[in-house]
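Asker: 3D model of this:
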Amino acid sequence: MDAPLTTREVEELYAKYGFFLLRRCRMILRDDTLADDALQEVFVKVMRAGAGVREADEPLRWLYRVVDNACFDALRRRRRFSAAPTDDAMGASVHPSVAIETRDAVLQLLSTLDEKEMRIALLLFVDGMSQGDIADDIGLSRVTVNKKVQAIRARADAYLGRTEEGVRP
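Answerer: Presented below is the predicted three-dimensional model:
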């Protein structure tokens, strides 16, 4: 069993990655207070059981996964208590291959997706990963990922009021 992270290791992770992790929390949750709480939860988890970050090829990606899970939990709690997300995307960056409107619509709909769909949505519409890379990353077939992406896009288009021809009615 790996030894827990030292206080110094956690401080170094926070100093190096804290800004990026908080930005991701804000983008997903669209609420500064919830984002702060989620980030705190992430670092509590990292202090207790985050030794895997030591061996991670990409520590930021490893930490993003922990952040995503903490945010998904917060979204589920928020959905349970029916708090509505804000309309602001909190300054989230947009991957060049994703239209801003589509990214924002997907983020608005995030809390209505199941956990696999949430992860796929973030990896594709925020991180700009290819469907093949997403399939490898989360352990689904490329066909399954493609079907889920099509369903997410259709929901985003419906949210934006787009018809199948791509023209607003």
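Asker: Contacts for the host helix or strand of Val67, please.
Answerer: According to DSSP states H and E, Val67 maps onto helix 59-81. Contact with helix 59-81 is made by 13, 17, 20-21, 24-25, 28-29, 34, 37-39, 41-42, 45-46, 50, 52-53, 56, 85, 110-112, 115, 118-119, 122, as judged by Cβ atoms under 8 Å, 6 or more residues apart in numbering. C-beta: built from backbone N, CA, C; applies to glycine.
Asker: among those residues, which ones are buried?
Answerer: By neighbour count, with 16 or more other Cβ atoms under 10 Å, these hold 13, 17, 21, 24-25, 28-29, 34, 38-39, 41-42, 46, 50, 53, 85, 110-111, 118-119, 122 as buried.
Asker: that older thread, C-alpha coordinates for the helix holding Val67, CSV please?
Answerer: Output in CSV follows, covering the C-alpha atoms of helix 59-81 (Å, rounded to 0.1, in the frame of the first residue of the first chain):
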residue,chain,number,x,y,z
PRO,A,59,-0.6,14.3,-12.6
LEU,A,60,-2.9,17.1,-13.8
ARG,A,61,-5.1,14.7,-15.7
TRP,A,62,-5.1,12.4,-12.7
LEU,A,63,-6.2,15.4,-10.5
TYR,A,64,-8.8,16.4,-13.1
ARG,A,65,-10.4,13.0,-12.7
VAL,A,66,-10.7,13.5,-8.9
VAL,A,67,-12.1,17.0,-9.5
ASP,A,68,-14.6,15.7,-12.0
ASN,A,69,-15.8,13.1,-9.6
ALA,A,70,-16.1,15.7,-6.8
CYS,A,71,-18.0,18.0,-9.1
PHE,A,72,-20.3,15.2,-10.3
ASP,A,73,-21.1,14.5,-6.7
ALA,A,74,-21.9,18.2,-6.1
LEU,A,75,-24.1,18.3,-9.2
ARG,A,76,-26.0,15.2,-8.0
ARG,A,77,-26.5,16.9,-4.6
ARG,A,78,-27.6,20.1,-6.3
ARG,A,79,-30.0,18.2,-8.5
ARG,A,80,-31.5,16.6,-5.5
PHE,A,81,-32.1,20.0,-3.9
